[in-house]
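>>> here you go, sequence then predicted model.
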Amino acid sequence: MHAIGIDLGGTKTEGIIMTPHSDTLQRLRVNTPVKQGYDAIIEVIDKLVTDLEATAGSRCTVGICTPGSISSSTGLLKNSNMTCLNNRDIKNDIEAALDRPVLIENDANCFTLSEAMDGAASNFKLVFGIIMGTGVGGGLVFNKRLHVGRHHIAGEWGHNVLDDEGPECYCGKRGCVEVFLSGPGLLYDWRDEDTRPHSVPGLLKRAKSHDSNALEVLERFFQRFGKAVSTVINILDPDAVVLGGGLSNIQDLYTRGAEALGNQIFNNRYSTPVLKNQHGDSSGVRGAAQLWVAGNP
Ligand SMILES: [Zn+2]
């Protein structure tokens, strides 16, 4: 049976058909009607599935990647930056529209599943997946199955507190990992507003030309990365860590970041590979399609 994956994003919604061998048969991309609101978003998903299924020629399983996650107590979507989805029974509403059960997971869980199934971490048993982009998220996959946890927050290291005197976080606490290790957080660490680079590539460019401020900001970033991930390693001791999101393109994370990590774990030897993702921006939609494989989650 073919699997349809849908990645619901803030500007675009993408859908693919995946064969049982993880090949992509078709990929469609449409604008997400955020302004038109919730009902229009459900309609767009319905239309994408209808169009993809016409190509597949048969009924498919459907998995969906959303920002935010389904609350295990209320069944409603929570923590989504697409606020029109919050506190809505999105699973039920999509199931009613599509007339079948669907599986829904957040982007970090879909990312980790995709990379653990047939991506950069496919040869490892316990995989900790990290997304560092506009926010910081994470997911856990053990033996190619997602572990979501009792509160459906497994792997959410982005809101562990790194420095309780740090900047405020939208979650209500101060100094979460996310306020330091997201793209905006990395730039904000450059204190002088007048000279602050406008983008992460801009910051990297200045570091390359030996700008001392840029080098210091990056050094703090690698040390914080090491400190934050080391707390996860000490508890789970995963077989691999795989990085996604825009900041995963910072090449020194795999050398200097990994070294800072190795120096801060509770062991005198460090061997956990820190891997760059293989599927890039497609990992969300691929992981969504793979949710039904082996009964995930
Ligand atoms: Zn937070």
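Everything's here; your move.
>>> tell me the spacing between residue 148 and the ion.
Note on residue 148: its distance to the ion, by Cβ to the ion, to the nearest Å, is 19 Å. In this view, the C-beta of every residue, glycine as well, is placed from N, C-alpha and C.
>>> brain fart, residue 127
Taking Cβ to the ion as the measure, residue 127 falls 23 Å from the ion.
>>> residues contacting that residue?
The contact partners of residue 127, by Cβ atoms under 8 Å, 6 or more residues apart in numbering, come to 112, 115-116, 121, 140-142, 238-242.
>>> again with residue 115
Neighbour list for residue 115: 121-122, 127, 129, 242, 244, 275, 277-279, 283 [criterion: Cβ under 8 Å, 6+ apart].
>>> give the buried subset of those residues as a PyMOL selection command.
Command for PyMOL, covering only those of the contacts of residue 115 found buried under the criterion 16 or more other Cβ atoms under 10 Å:
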select buried, resi 121+127+129+242+244+275+277+278+279+283
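>>> most widely separated two among the contacts of residue 115?
The two members of these with the most space between them (Cβ to Cβ) are 122 and 244, at 14.6 Å.
>>> now for the chain, the helix or strand with the poorest mean pLDDT.
Here the helix or strand of the chain ranked lowest by mean pLDDT, DSSP states H and E is strand 69-70, holding a mean of 83.
>>> which of the contacts of residue 115 fall in strands?
127, 129, 242, 244, 275 (DSSP state E).
>>> residue 29 belongs to a helix?
No: going by DSSP: H, G, I helix; E, B strand; the rest coil, the assignment for residue 29 is strand, not a helix.
>>> can you list the strands that the helix or strand that the least confident helix or strand of the chain is followed by pairs with?
Sequence order places strand 77-78 as the next helix or strand after strand 69-70, per DSSP states H and E. Looking at strand 77-78 with DSSP bridges, its partner strands are strand 69-70 (antiparallel).
>>> chain center to the strand it pairs with: distance?
13 Å (Cα atoms, centre = their mean, to the nearest Å).
>>> can you give me the distance of the residue positioned nearest the centre of the chain to residue 192?
Residue closest to the average C-alpha location in the chain (Cα atoms, centre = their mean): residue 108, at 2.6 Å. Distance, residue 108 to residue 192, by Cβ to Cβ, to the nearest Å: 32 Å.
>>> so which residues of the protein form strands?
For the chain, the strands defined by DSSP E occupy 3-8, 12-18, 24-31, 61-66, 69-70, 77-78, 103-106, 126-132, 136-142, 145-147, 240-244, 274-276.
>>> could you list the domains of this protein?
Per automatic domain parsing, the domain ranges recorded for the chain read 3-109+281-295, 120-277.
>>> what is the neighbour count of the nearest residue to residue 51 once chain neighbours are set aside?
Distances taken as Cβ to Cβ, 6 or more residues apart in numbering place residue 28 nearest to residue 51, at 6.1 Å, with adjacent residues excluded. For residue 28, the neighbour count with other Cβ atoms under 10 Å is 16.
>>> cool, and residue 144?
Residue crowding around residue 144 was assessed by other Cβ under 10 Å; the count is 18.
>>> against residue 66, how distant is the residue nearest to residue 247 when sequence neighbours are not counted?
Excluding the flanking residues, the one nearest residue 247 by Cβ to Cβ, 6+ apart is residue 132, at 3.9 Å. Distance, residue 132 to residue 66, using Cβ to Cβ: 19 Å.
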